[in-house]
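A.B. asks: Okay, here's the prediction I keep looking at, along with the sequence it came from:
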2 protein chains.
Amino acid sequence: MLAEIITIGDEILIGQVLDSNSAYIGKELNKIGISVYQITSIQDDRKQILKTLAEASQRVDIILITGGLGPTNDDITKKCLCEFFDDTLVRDEKTLRHIEHLFEKYIDTPISNLNRDQALLPSKASILHNEYGTAAGMWFNENAKVFISMPGVPYEMKGLMEREIIPKLVETFDRPYIIHKTIITLGLGESAIAERIEKWEANLPVAIKLAYLPNLGMVRLRLTAKGEDEAHLKDIIENQVTALYEFIGDIIYGFEDEDPIEVVISRRLTERKWSLSTAESCTGGRLATKFTQAPGSSVCFMGSMVCYATESKIELLGVPKELIEEKSVVSEEVAKAMAKGARDKFHTEFAVSTTGNAGPTKGDSDAEIGTVFIGIATPEGVTAHKFMFGNHRDKVIGKSVNKALELLQKSILNYKAKS
Amino acid sequence: MLAEIITIGDEILIGQVLDSNSAYIGKELNKIGISVYQITSIQDDRKQILKTLAEASQRVDIILITGGLGPTNDDITKKCLCEFFDDTLVRDEKTLRHIEHLFEKYIDTPISNLNRDQALLPSKASILHNEYGTAAGMWFNENAKVFISMPGVPYEMKGLMEREIIPKLVETFDRPYIIHKTIITLGLGESAIAERIEKWEANLPVAIKLAYLPNLGMVRLRLTAKGEDEAHLKDIIENQVTALYEFIGDIIYGFEDEDPIEVVISRRLTERKWSLSTAESCTGGRLATKFTQAPGSSVCFMGSMVCYATESKIELLGVPKELIEEKSVVSEEVAKAMAKGARDKFHTEFAVSTTGNAGPTKGDSDAEIGTVFIGIATPEGVTAHKFMFGNHRDKVIGKSVNKALELLQKSILNYKAKS
């Protein structure tokens, strides 16, 4: 069962908007055994839309289209679908009532004909209810192919996927299972890993596909198996993972869950009724952003002191001024004092701190660009480690965030006292 | 002059990685007058790669390929390019020395044959030096088409684009000018705007294309003109913008620079030697992340108090406990006290605060989901405003960030006392 995602809209092609929709759709389809064969991003252009729809229907079984469903003249997806399926627009009463309701409840301006016209929908389409917006989704069946059209606004698209499209795809198609298992390694580059696992890789069953995903200091190895028998697929993957330990057991750090590491950390903290705070210099609020992403995070995450200025480290986190003068603001001692400061100020069990020089020029410290110290405070004490994260600002900040999360998770797992 | 971007790698198709590379490439190409006609994301699959290369060369003049250049077996782009151009691999001595240098300087593990083999490159390619990594870029000329291959690691790709590819494209092609002007409006939805500017839109010169970009509380109107005469293009766009004021002058808030609003704010603060801090509850560090994105931001951005817990608002920002008890944590008064607290604690001229209920369930406050208060403290006083940002968590947080930046910029522009 193959799918193609088509995004319509110049804003992606000119780089004005990042295509996060396709990543989300790809992930959700994979979970139900549908592989994305291709993602195609095209312009708001009638000819190109029609051509791409025709080509995609040659390549795959399911075509998911996002974008171009707004009420204004530059939105032409609905018209193009009508032309493609030789269809006409008819008023959908349920959609009209929903549009009127949204305007009454949430929108200050009065409803207009352009808004009402969003309820004009192709007669051949099954209409998919868009809880969060005025552009309905559409589902077409044509020559054993399915075409699905969704708005490009991310939270509207997600609502449609969750409530309407995924259930309908599950109901409509017999799908294989796609099992991914992603192993997280730390400490070796991808070529060094490849050499160590050469023999193992050569003997992988053909049903299993291996990919190396190097990223900011960790290499993830992704094993993928696809087939009808879920239990069997899981078995052969688990067997290969077990075999892999013989070759690189020393650098396997863990497995990638469905959930990112900050969600795993939050869950464990919440279960144990522990709490967390952060003190961020070079990561500038990115750790706090991670921990406040998920609903319910306020249960375990108390807050962050983003102390970009040296003065704030002293006044707000209580880092001794003399310590900074003696050791420099980018130092093991200051990282420890920051972590301890956050733990004290926010009254949390755990705290993590970052201080470093991300470049491109040296800041308040003489430390070489790329130098980062990460501190961890637990009920058992405070530690800090030094890292050299290279010569590129984005890389240094990104690696700092990943490493801080990694050290934090380890220290939480190691802390047995209250567990 | 049309281009296509091809990304190679299952990780984008299964949603494991977000395709930020294509957005970056699209933006940079636009700046030099090259339009991206299509972005195509495909699997690490020989047949699909060869087919897509052939099809793309029918569609466009310039094909930019990212991904699949690593040292491991799953990286097959180089082999496919050899097959496509009927070419063979030869050792590039300069690349070999660079790989050896990177290993000596930055990498703990010894260099291996797999690494050295990254210096084996197609004989027909011009080799592009990758300062930040071991995978060289490649540039092929074939039948008046250009094919460019880059690694998928974002900062390596960016380094290649900046130092090698953009200069070479500029040198190789006569290009038209592409002028974008994006007008930011606040306060009306896209359909209401469309009605007000109907007459103006109908009379737009054919050379100008209009797009509506609604996003989290602001609608951006993008005008695009393409042609040989840069001055003329700028003129006709400016004339249309002037004409537009007649219809929606009351809701035009400003123009989108090359730079995002937080960069514009930082620049103005730095010029005036003013400083900024933030106190973030419902935005959870996202404002700090924005302000610490750019190099040099430590000059004006002092830090952020991310006080997710009510207790931290009291202890660390000095919000009076009685005020919270009386008015609730999500209130105009608390937003003001938070902004004032940040301004005092970080000793800054300006501070912005956010407190709200992003949902999906009610937190420490009884406020309806979607309620957000944003406070602004300046040398002239403190204000706060209430907003209702809807029923979806991501939407509420995203709108809060945008609105906070907007109010902040306005208050900085309005503050004349020291200017």
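C.D. replies: Looks like it arrived, so ask away. Numbering: from 1, shown residues only, chains lettered A, B, ... in the order given.
A.B. asks: Each with direction, which strands does the lowest-mean-pLDDT helix or strand in chain A pair with?
C.D. replies: Lowest by mean pLDDT, DSSP states H and E among the helices and strands of chain A is strand A:252-256, with a mean of 81. In the sheet, strand A:252-256 lines up against strand A:177-186 (antiparallel) (DSSP bridges).
A.B. asks: Would you mark the buried spots in the partner strand?
C.D. replies: A:177-185 (16 or more other Cβ atoms under 10 Å in any protein chain shown). From N, CA and C alone the C-beta is placed, and that goes for glycine too.
A.B. asks: still on that earlier bit, what lies in contact with the least confident helix or strand of chain A?
C.D. replies: A:181-186, A:218, A:220, A:244-245, A:406 (Cβ atoms under 8 Å, 6 or more residues apart in numbering or on different chains).
A.B. asks: Kindly report the same for stretch A:355-369.
C.D. replies: In contact with stretch A:355-369 (Cβ under 8 Å, 6+ apart) are residues A:281-282, A:310, A:313, A:328-331, A:334-335, A:338, A:370-373, A:375, A:387-389, A:391-393, A:396-397, A:400, B:295-296, B:298.
A.B. asks: swap in stretch A:221-232?
C.D. replies: A:33, A:35, A:176-183, A:185, A:193, A:207-213, A:233, A:236-237, A:240-241, A:244, B:10-11, B:16.
A.B. asks: how does it look with 7 Å?
C.D. replies: A:176-183, A:185, A:207-213, A:233, A:236-237, A:240 (Cβ atoms under 7 Å, 6 or more residues apart in numbering or on different chains).
A.B. asks: Quick check: end-to-end length of that stretch?
C.D. replies: This stretch, stretch A:221-232, spans 20 Å end to end (Cα to Cα, to the nearest Å).
A.B. asks: buried residues in that stretch?
C.D. replies: Here stretch A:221-232 shows A:221-226 as buried, counting by 16+ other Cβ under 10 Å.
A.B. asks: can you redo the residues you listed as CSV with secondary structure?
C.D. replies: What follows is these, written out as CSV (DSSP: H, G, I helix; E, B strand; the rest coil):
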residue, secondary structure
A:L221, strand
A:R222, strand
A:L223, strand
A:T224, strand
A:A225, strand
A:K226, strand
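A.B. asks: from those, which single one is nearest B:I265?
C.D. replies: A:R222 (40.4 Å; Cβ to Cβ).
A.B. asks: what bridges to the closest one?
C.D. replies: Residues in beta-bridge contact with A:R222 (DSSP bridges): A:T182, A:A211.
A.B. asks: before we move on, what about A:I374?
C.D. replies: The partner residues for A:I374, given DSSP bridges, come to A:T354, A:H385.
A.B. asks: And A:C80, how far from chain B?
C.D. replies: 16 Å (Cβ to the nearest Cβ, to the nearest Å).
A.B. asks: For that residue, which non-adjacent residue is spatially closest?
C.D. replies: Using Cβ to Cβ, 6 or more residues apart in numbering or on different chains and skipping the chain neighbours, the partner closest in space to A:C80 is A:I49 (4.4 Å).
A.B. asks: Look up phi and psi at the one you found.
C.D. replies: Here is the backbone geometry of A:I49 (degrees, to the nearest 10): phi -60, psi -50.
A.B. asks: For my notes, confirm A:V334 occurs in a strand.
C.D. replies: No - secondary structure of A:V334 (three-state DSSP): helix, not part of a strand.
A.B. asks: picking up where we left off before, and the buried residues of strand A:177-186 as CSV, adding pLDDT?
C.D. replies: Shown next, in CSV, are the buried residues of strand A:177-186 (pLDDT from 0 to 100):
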residue, pLDDT
A:Y177, 89
A:I178, 88
A:I179, 89
A:H180, 87
A:K181, 91
A:T182, 91
A:I183, 92
A:I184, 88
A:T185, 88
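A.B. asks: I'd like the residues you listed as CSV, with distance to B:I62 appended.
C.D. replies: Below are the buried residues of strand A:177-186 laid out as CSV (distance: Cβ to Cβ, whole Å):
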residue, distance to B:I62
A:Y177, 40
A:I178, 35
A:I179, 39
A:H180, 34
A:K181, 38
A:T182, 34
A:I183, 38
A:I184, 37
A:T185, 37
